[in-house]
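Asks: I'll drop the sequence and a predicted model, then ask my questions.
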Amino acid sequence: MSLPRFAAANPDPGVTRRVLADSPELMVVSFQFETGAVGKLHSHPHVQSTFVASGRFQFSRDGVIYDLNPGDSLVIPGGVEHGCRCLEAGELIDNFTPRRADFPVTPEDTSLTTG
């Protein structure tokens with residue numbers, strides 16, 4: 001049995017988002033950033049954790065600036081304004097609880113192959 005692979009989305013210029021796993025209680029999401037890309041300031045009711053898989057990022061959480069490098073992580077409480085700027089291209093792995101209903105969970109079409 002294979003796990004579902006969800007379609008990618010581009011929420012901001014230079015940012016690619018892909019849901020990796022999803023349940024009503026938790027969602028795991030990959031964000032790929034190009035150097036200089038910005039995740040604009042926003043807030044949501046979900047608790048979010050972010051893990052820097054690669055690259056370097058500058059995060060703003062409730063007006064406090066954090067420089068994050070590979071292996072670093074940060075928890076963002078629900079309702080807190082936050083955003084980031086990518087200083088060196090990389091990937092963030094974010095977890096949201098409960099799941100983000102505003103992130104479409106559309107299975108990727110894997111029926112087509114090239115050959």
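Replies: Here it is on my side, so go on. Worth saying up front: this structure is predicted, and the values here are computed from it rather than measured.
Asks: Residue 16 pairs with what?
Replies: residue 32 (DSSP bridges).
Asks: Might you report the residue contacts of it?
Replies: Contact analysis of residue 16 by Cβ atoms under 8 Å, 6 or more residues apart in numbering lists 8-10, 31-32. For glycine as for every other residue, the C-beta is placed from the backbone atoms N, C-alpha and C.
Asks: how many neighbours does residue 36 have?
Replies: 12 (other Cβ atoms under 10 Å).
Asks: quick one: it from residue 90, how far?
Replies: Using Cβ to Cβ, to the nearest Å, we find residue 36 at a distance of 12 Å from residue 90.
Asks: Ok, residue 5 next?
Replies: Per Cβ to Cβ, residue 5 is found 21 Å from residue 90.
Asks: Compare those two (neighbour count), which wins?
Replies: Under the criterion of other Cβ under 10 Å, the comparison of residue 5 against residue 90 puts residue 90 first, with 20 against 13.
Asks: tell me the pLDDT at that one?
Replies: Residue 90 carries a pLDDT value of 98.
Asks: List the contacts of it.
Replies: Each residue near residue 90 by Cβ under 8 Å, 6+ apart is listed here: 32-33, 52-57, 70.
Asks: Now, those residues that are in strands?
Replies: The strands, defined by DSSP state E, take in 32-33, 52-57 from those.
Asks: Redo those as a markdown table? Include distance to residue 102.
Replies: Shown next, in a markdown table, are the ones in strands among the contacts of residue 90 (distance: Cβ to Cβ, whole Å):
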| residue | distance to residue 102 |
| --- | --- |
| 32 | 19 |
| 33 | 20 |
| 52 | 23 |
| 53 | 23 |
| 54 | 26 |
| 55 | 25 |
| 56 | 28 |
| 57 | 22 |
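Asks: pLDDT weak spots in this structure?
Replies: 1-2, 108-115 (pLDDT under 70).
Asks: so where do the strands sit in it?
Replies: So, for the chain - with DSSP E - the strands run 8-9, 15-22, 27-33, 38-42, 47-61, 64-68, 73-76, 82-97.
Asks: Give the full set of residues in contact with the residue nearest the centre of the chain.
Replies: Taking Cα atoms, centre = their mean, the centroid of the chain lies closest to residue 31, which sits 3.9 Å from it. Contact partners of residue 31, counting by Cβ under 8 Å, 6+ apart, are 15-17, 39, 91-94.
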